[in-house]
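Colleague: below: sequence and its predicted model.
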Amino acid sequence: MVDSAAMIDNDRLVATLNELGVCYIAGDSEAKPYSDLTPPQIIVAMMTCGAVRVEYAVIPLVIRRPEFAAAIPEAISNLSLDLAEQLRRHYTAAVYLQRMYQPALELYLGRKPFLVDLFSATMNLPSPDDYYGEIGLREMISRLPPPINWWHSYLDPVWMFLSFLSLERSYGWQIS
């Protein structure tokens, strides 16, 4: 398991995300992706790397790769309490956002299974099925401290991801 952020090179981590189809984050184009990290290790590396842009990319990662959702509990068990709580929020945001943006995501990615709602009940949040997830996301955000614009902190990665998916389709790029 990834024990330290110092062990992970952010450019290689970005290259790994690019290989996984989360390509909106710029990095060193010569960097080689990690081929030896498991999904939980990738998620832990994302949460501990110290780059907010990479940390929040966990949202589009699990949306693009729903199979990574199964790695969330193991990743949480390998993080500090604060980072584990952040990952719970990011994953829960992904659950809500996937439902909010289902038509656009389906247009670009095809039909994907909904992410399993792992945490909204224990966080005393509304179901992701309530008003396409927007009510739950707004409730979660309302509990977070100012002055950060949490709404955009969670939506921006999805908007950038959707913009990239649009470019991918327009130019016929083949990303796995």
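Modeller: Structure received.
Colleague: which non-adjacent residue is nearest residue 74?
Modeller: Of all residues not flanking residue 74 in the chain, residue 40 sits nearest, at 4.1 Å (C-beta to C-beta, 6 or more residues apart in numbering). For glycine as for every other residue, the C-beta is placed from the backbone atoms N, C-alpha and C.
Colleague: sorry, wrong one. I was asking about residue 38.
Modeller: Per C-beta to C-beta, 6+ apart, closest to residue 38 is residue 71, 7.3 Å.
Colleague: repeat for residue 106
Modeller: Residue 106 sits nearest to residue 112 (C-beta to C-beta, 6+ apart), 7.5 Å away.
Colleague: how close does that neighbour get to residue 49?
Modeller: 26 Å (C-beta to C-beta, to the nearest Å).
Colleague: over to residue 67?
Modeller: In terms of C-beta to C-beta, residue 67 sits 22 Å off from residue 49.
Colleague: ok so, going back, these two touch, right, the residue nearest to residue 106 and residue 67?
Modeller: No: using C-beta atoms under 8 Å, residue 112 is not in contact with residue 67, being 9.9 Å away.
Colleague: which elements pack onto the longest helix anywhere in the chain?
Modeller: Scanning the chain for the longest helix, with DSSP state H as the assignment, gives helix 150-171. Judged by 3 or more C-beta pairs under 8 Å, 6 or more residues apart in numbering; DSSP states H and E, the packing partners of helix 150-171 are helix 58-64, helix 81-100, helix 102-109, helix 134-142.
Colleague: need the next SSE after the first one, C-terminal direction.
Modeller: Sequence order places helix 72-77 as the next helix or strand after helix 58-64, per DSSP states H and E.
Colleague: which other residues reach that next one?
Modeller: With contact meaning C-beta atoms under 8 Å, 6 or more residues apart in numbering, helix 72-77 is reached by 39, 40, 43, 44, 47, 62, 84, 87, 88, 91, 118.
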